[in-house]
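# What shape does this take:
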Amino acid sequence: MEAIIEAKGIEKSFGKLKVLKGIGLEVGRSEVLSIMGASGAGKTTLLQILGTLSRPDAGTLVIDGIDVLRLNSRLLSLFRNTKIGFVFQFHHLLPEFTAEENVMIPALIAGKSAREARRETAALLEDLGLSARASHKPSELSGGEQQRVAIARALINRPAVIFADEPSGNLDSVTKKELHSLFFRLRDERGQTFVIVTHDPELAALCDRSLYMRDGLFVGNPD
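Reported below is the predicted structural model:
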């Protein structure tokens, strides 16, 4: 399987606390990978580094053939906007904008025309069953609808990878299962790659592969 992410020797410290201790990771194109572990294991720190939101103290990181740690700040911002999508537990939708506008924003930042961004947004919202909610603001949407809008926003620029941090942690059990099914449909239909940090064993069991972190390293699954 072709690797879309290649990380080697990733280290990160905060003061005297070494959070990541030389992590190595390869993720295949169109793979759905989960990363599990107790709170404080380093999962979110690793996800932020893989997603180029934070720089490691040491190591190398290649995403979709690009050595991202060598990019200057302008090129890194462009890479992040066009090649990476993010889905978080609490959505991070802009409350003053409609669902359509929230999804359009990354496309406009990437330089697409308003007409093109609106057309692609409409197609995504229809695909995710949200056409009737396009003009609604986040406060008028259910938790599951908000998360689907966040996924549409992550998809709008056709990213190489979507990073998800506890994406179903704030949802009821039925909505959670619908969201999990959506991830795999997007993989099957669009070839989308996902790296998901989760505490949810049900989601981890569905993934192509699941890795477990403890004290800043990958280890065998706990008993």
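# what distance separates the start and the end of stretch 20-35?
One end of stretch 20-35 to the other measures 14 Å (Cα to Cα, to the nearest Å).
# Strands along this protein, start to end?
Listed in chain order, the strands of the chain (DSSP state E) span 3-14, 17-28, 32-37, 58-63, 66-67, 84-88, 161-165, 193-197, 209-214, 217-219.
# Let me know which of the ones you listed is the nearest to I151.
Taking Cβ to Cβ, strand 84-88 is the member of those nearest to I151, at 5.7 Å. All C-beta atoms are positioned from the backbone trio N, CA, C, and that covers glycine.
# partners of the closest one in the sheet?
Neighbouring strands of strand 84-88 in its sheet, by DSSP bridges, are strand 161-165 (parallel).
# that older thread, between the strands of the chain, which one is nearest to G143?
strand 84-88 (12.8 Å).
# any idea of the mean pLDDT in the closest one?
The average pLDDT for strand 84-88 rounds to 86.
# Figure out how far it is from the centre of its chain.
Averaging C-alpha positions (Cα atoms, centre = their mean, to the nearest Å) puts strand 84-88 3 Å from its chain's average.
# begin at 33 from here
With the count now opening at 33, the last piece we talked about shows up as strand 116-120.
# Need the contact partners of it.
83-84, 95, 179, 182-183, 185-187, 189, 191-199 (Cβ atoms under 8 Å, 6 or more residues apart in numbering).
# got the CA coordinates for that strand in PDB?
C-alpha atoms of strand 116-120 as PDB (Å, rounded to 0.1, in the frame of the first residue of the first chain):
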ATOM      1  CA  ILE A 116      -5.400  18.500   5.200                       C
ATOM      2  CA  GLY A 117      -8.900  18.400   6.800                       C
ATOM      3  CA  PHE A 118      -9.700  18.500  10.500                       C
ATOM      4  CA  VAL A 119     -12.700  17.200  12.400                       C
ATOM      5  CA  PHE A 120     -12.800  17.900  16.100                       C
END
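# Name the nearest residue to the residue positioned nearest the centre of the chain, sequence neighbours excluded.
The centroid of the chain falls nearest to F195 when counting by Cα atoms, centre = their mean (1.8 Å). Excluding its sequence neighbours, the residue lying closest to F195 (Cβ to Cβ, 6 or more residues apart in numbering) is G83, at 4.5 Å.
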